[in-house]
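Colleague: Sharing a model prediction with you, sequence too.
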Amino acid sequence: MSKYISPEKRLFLKERELGALLEITQAITLDSPEAALYKIFQFTLLGQLNIRRMVLYVKEEGQWQCVVSFGGGMVDFYRLPLPEHILEHSPTQPVPVADLGLGDEWHQLELLIPVQHRGETLAYVLIGNVHDDYVPEEATKFLETLSNILIGAVENRRLGRQRVAAAAMRKEIEIAQEVQTMLFPRSLPNDADVAVHASYVPHTAIGGDYYDVVPIDKNRFLFCVADVSGKGVPASLLMSNFQAGLRTLLRQQADLATIVAELNNLIYRNAVSEKFITAFFGIYDRATRELEYVNAGHNSPILLCDDHHHELLADGTTMLGIFEELPFLKVQKTNVPSRSLLLTYTDGLTEVFDQEVEEFGEEGVLNFLRQSRYVPLPTLHRELLQEIEGFNSEGSHFADDITILTCRFK
């Protein structure tokens, strides 16, 4: 039988509900911190609706935690996890606590109210001793409304923070991409003595590969291919320091040994999270056809001669940034015969695997070069990338950045 409430009492209760709504909405409008919103919710239920016991569990970052607990004689719900029984059954409608079969510590609470936002349960409100003057159905409905307003506001704030953070991350990525694009040379040598072509295929929005070609004088130019451990903004920033250091040393007319040693010192001082760089440095002299180089822990470039003899340029030093001073450093020189082809690359090119988990590897690159070495360099790069894409068990999805820099010596 329905409980009778006089019009005067009903008006009084509606005034209390309105007061509760005003308190909550004002707190939301004033952009109060979430902890303050929970406190206001607690005091509103206590002061306006005379609810003496209440526990609020909220799902934050995928974890359930108690954010409000008040009422005399109750256990410390802040230390008590939300019961597995509730999580397993995930009620979507108010349920009497007595029907849930929970432990003794829950018996002072009478009603469980799930709070949903966009079809997902984000909170559970558990209350005890609702105001005696209320019709239970009316009290439950209003508490649902009030709880939904509160949790909806908290969730919208969380989503707002996520949007702001995502926008900041996108901007950060855009800036890093711009920085990375600026690192690459705008033009490459293509004259009577040598032609150079480069390709770069990033694995993620911000890769960790780098290449450069820098004129030194009318006969000599330096070329470099490098790979930073890791990806993202930190790798991009470290690579920009690397390029700035390289260019500065070249302007100071430093020799190759000094360039490599100073870059190692720069990376050692500036790298974070145990980052390091592998790199290959080459200086080619058009007049003497001499190539001076240092391989700093990088994949060995392949120098393929016209008679199909090949040389792997492996000598040099260890990767940069690991030791304060390089434990050894050898600057190697080699003469480059006419009609030779030099292919320098990062490990994303060779560390590609087929369905049998066989690696494309250095041998795969060498076999391809022997068949296609005389085609124009842009075509050679395109066909080489197609070759590893066809070999790759994951098709066009590569596990790492791919950088190719090729020199054709005429």
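Modeller: The structure has been received and is ready for your questions.
Colleague: Could you give the separation of the host helix or strand of Phe142 from the chain centroid?
Modeller: Assignment of secondary structure by DSSP states H and E places Phe142 within helix 136-183. In terms of C-alpha atoms, centre = their mean, to the nearest Å, the centre of helix 136-183 is found 18 Å from the chain centre.
Colleague: just checking, what packs against it?
Modeller: Of the remaining helices and strands, those touching helix 136-183 by 3 or more C-beta pairs under 8 Å, 6 or more residues apart in numbering; DSSP states H and E are helix 7-29, helix 34-47, strand 53-60, strand 111-117, strand 120-128, strand 209-215, helix 232-251. (Glycine included, C-beta is placed from N, CA and C.)
Colleague: Which residues does the third one contact?
Modeller: Outside of strand 53-60, the residues that reach it under the criterion C-beta atoms under 8 Å, 6 or more residues apart in numbering are 38, 41-42, 45-46, 64-72, 74, 77, 82, 108-109, 121-129, 151, 154, 158.
Colleague: Pairing partners for that strand, with directions?
Modeller: The sheet places strand 53-60 alongside strand 63-70 (antiparallel), strand 120-128 (antiparallel), with pairing taken from DSSP bridges.
Colleague: and the longest one with strand 111-117, angle?
Modeller: Read it as strand 120-128. Strand 120-128 and strand 111-117 are oriented at 160 degrees to each other (axes from the mean of the first three to the mean of the last three C-alpha atoms, to 10 degrees).
Colleague: Could you list the residues in contact with strand 120-128?
Modeller: Applying C-beta under 8 Å, 6+ apart, the set of residues contacting strand 120-128 from outside is 45, 51-59, 71, 82, 86, 90, 92, 97, 106, 108-116, 143, 147, 151, 155.
Colleague: cool, stretch 64-78 as well?
Modeller: Stretch 64-78 is contacted from outside by 35, 38-39, 41-42, 46, 52-58, 80-82, 87, 105, 108, 128, using C-beta under 8 Å, 6+ apart.
Colleague: For ChimeraX, write the selection for the buried entries among the residues you listed.
Modeller: In ChimeraX, a selection of the buried entries from the contacts of stretch 64-78 looks like this (16 or more other C-beta atoms under 10 Å):
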select :38,39,41,42,52,53,54,55,56,57,58,80,82,108,128
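Colleague: residue contacts, Asp209?
Modeller: Shown here is Asp209, whose contacts under the criterion C-beta under 8 Å, 6+ apart are Tyr200, Pro202, Val225, Ala226, Asp227, Val228, Thr346, Gly348, Asp401, Ile402, Thr403.
Colleague: burial of the closest residue in space to Leu250 that isn't next to it in sequence, as a residue count?
Modeller: For Leu250, ignoring the flanking residues on the chain, the nearest one in space by C-beta to C-beta, 6 or more residues apart in numbering is Val214 at 5.6 Å. Using other C-beta atoms under 10 Å, Val214 has 16 other residues around it.
Colleague: Provide a list of residues in contact with Val214.
Modeller: Contacts of Val214 were listed using C-beta under 8 Å, 6+ apart, and they are Pro185, Phe221, Leu222, Phe223, Cys224, Leu246, Arg247, Leu250.
Colleague: can you pull the buried residues of stretch 253-271?
Modeller: Taking 16+ other C-beta under 10 Å as the basis for neighbour counts, the residues of stretch 253-271 that come out buried are Leu256, Ile259, Val260, Ala261, Glu262, Leu263, Asn264, Asn265, Leu266, Ile267, Tyr268, Ala271.
Colleague: The helix or strand encompassing the second one - contacts with which helices or strands?
Modeller: With the criterion set as DSSP H and E, the secondary-structure element containing Ile259 is helix 256-270. Counting contacts by 3+ C-beta pairs under 8 Å, 6+ apart, the secondary-structure elements packed against helix 256-270 are helix 232-251, strand 277-285, strand 290-296, strand 316-317.
Colleague: Any stretches of the stretch 251-400 of the chain with poor pLDDT?
Modeller: Within the stretch 251-400 of the chain, the stretches with pLDDT under 70 are 272-274, 396.
Colleague: try it again with 50
Modeller: Residue ranges of the stretch 251-400 of the chain with pLDDT under 50: none are present.
Colleague: ok, which stretches of it are strands?
Modeller: Assigned by DSSP state E, counting those that start in this stretch, the strands in the stretch 251-400 of the chain fall at 277-285, 290-296, 302-304, 310-312, 316-317, 332-335, 340-345.
Colleague: Mind putting these into a markdown table with mean neighbour count and distance to Ala166?
Modeller: Formatted as a markdown table, those follow (neighbours: other C-beta atoms under 10 Å; distance: least, C-beta to C-beta, whole Å):
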| stretch | mean neighbour count | distance to Ala166 |
| --- | --- | --- |
| strand 277-285 | 24 | 30 |
| strand 290-296 | 22 | 37 |
| strand 302-304 | 20 | 43 |
| strand 310-312 | 14 | 45 |
| strand 316-317 | 22 | 41 |
| strand 332-335 | 13 | 48 |
| strand 340-345 | 24 | 34 |
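Colleague: hmm, back to that, go through whichever helix or strand comes after the helix holding Phe142 and flag the buried ones.
Modeller: For helix 136-183, the succeeding helix or strand toward the C-terminus, using DSSP H and E, is strand 194-201. Taking 16+ other C-beta under 10 Å as the basis for neighbour counts, the residues of strand 194-201 that come out buried are Val194, Ala195, Val196, His197, Ala198, Ser199, Tyr200, Val201.
Colleague: Tell me which two in those residues are the farthest apart.
Modeller: In terms of C-beta to C-beta, these reach their longest pairwise distance at Val194 and Val201, which sit 23.7 Å apart.
Colleague: circling back: would you list the strands of the stretch 251-400 of the chain in CSV and tack on distance to Arg408?
Modeller: CSV is the format used below for these (distance: least, C-beta to C-beta, whole Å):
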stretch, distance to Arg408
strand 277-285, 12
strand 290-296, 13
strand 302-304, 10
strand 310-312, 15
strand 316-317, 23
strand 332-335, 16
strand 340-345, 6
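Colleague: out of the ones you listed, which comes closest to Leu385?
Modeller: Comparing the strands of the stretch 251-400 of the chain by C-beta to C-beta, strand 340-345 comes nearest, at 11.0 Å.
Colleague: Direction included, what does that closest one pair up with?
Modeller: For strand 340-345, the paired strands and their directions (DSSP bridges) read strand 302-304 (antiparallel), strand 402-409 (antiparallel).
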